[in-house]
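J.: The following comprises the amino acid sequence and a computationally predicted model.
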Amino acid sequence: MSRQGSAGNTIAALASFFAPGLGQLVQGRAGAAIVHFLLAFILWLFALGWIVHITSCLNAAKWKPVVK
């Protein structure tokens, strides 16, 4: 798995830039991907989706896997 600041997280953040939740999906976090995508979709109806869109990018960039 990628660690924070790695190339994998950078790619995930760029993927989330194009579609909210796509970066989380690239990282293998399907639940988070669905939440980010649905929240962005719902909030874009009220012109507030950009908030979730940016949050999705930041979340993908800063994510650290749990080390066991």
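T.: Perfect, I can see it now.
J.: all helices for this structure, in order.
T.: In the chain, the helices defined using DSSP state H lie at 7-18, 22-26, 30-44, 49-62.
J.: Can you spell out which helices and strands pack onto the longest one?
T.: So the one you mean is helix 30-44. Counting contacts by 3 or more Cβ pairs under 8 Å, 6 or more residues apart in numbering; DSSP states H and E, helix 30-44 packs against helix 22-26, helix 49-62. C-beta coordinates here come from the backbone N, C-alpha and C atoms, glycine included.
J.: What's the local residue count around the closest residue to V52 other than its chain neighbours?
T.: The shortest distance from V52 to any non-neighbouring residue, by Cβ to Cβ, 6 or more residues apart in numbering, is to A40 (4.1 Å). When counting by other Cβ atoms under 10 Å, one arrives at 22 neighbours for A40.
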